[in-house]
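**Student:** Quick one, structure for this:
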Amino acid sequence: MRAEKQIITKEYLDRLNASPFFIVVDYKGLKVGPITELRKRLHGAGAEMHVVKNSIFRLAAKEAGVAELGSTLDGQLAVVTGKRDISMAAKVVKKFHTEFEKPKIRFGFLNSKRMETPEIMR
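**Tutor:** Coordinates of the predicted model:
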C-alpha cells in the first residue's frame, strides 16, 4: 500500500478507535452548502462527519476489529463518529434527512455491534 493510503487508513482507524460508534451515510446528491451545515449541526452534538474512500475505510474498519463490511461499502459514503452518545448524532442526521431528504443512513456500529437503519432512526 502506498504511503498516502497508509496515512489515511491510520487516520480512519484513529477516528474509529476514539469513538464508541460510527454511522455510515450515503451523501449522494448533497451539495457543499448542506454538507457544511450538517457538519456544523453534528459538531454541536459532539460528532463529526468525514467523507471516506470505501476501500481504505474497509481496511481501517477491519483493523479496528469491526466485522467484515464487504459489499456494504459502495457509493458516495461518509462516516459520522463522535465521543458522546450515538443517539445525539443519529438525531441530528435524522432531522437533517427530514429537511433535505439526504443523507441516507446505511448502517452503523455501536460498541462493535452492527445496527441497521431502523435501529438508528428510532
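
**Student:** Need phi/psi at the residue nearest the centre of the chain.
**Tutor:** Closest residue to the average C-alpha location of the chain: V79 at 1.6 Å, with CA atoms, centre = their mean. The phi and psi values for V79, taken as degrees, to the nearest 10, are phi -120, psi 130.

**Student:** and if you look at the one 4 residues further on?
**Tutor:** K83 has phi and psi values of phi -100, psi -10 when expressed as degrees, to the nearest 10.

**Student:** next one: phi and psi at the nearest residue to A64 once chain neighbours are set aside?
**Tutor:** Once flanking residues are discounted, A64 sits nearest to L16: 4.2 Å by CB to CB, 6 or more residues apart in numbering. Every C-beta, even on glycine, is put in place using the N, C-alpha and C of the backbone. Torsion angles at L16 (phi, psi; degrees, to the nearest 10) stand at phi -60, psi -40.

**Student:** okay but L16 is in contact with K62, surely?
**Tutor:** No - L16 is not in contact with K62 according to CB atoms under 8 Å; the separation is 10.3 Å.

**Student:** Please consider this matter closed, and thank you.
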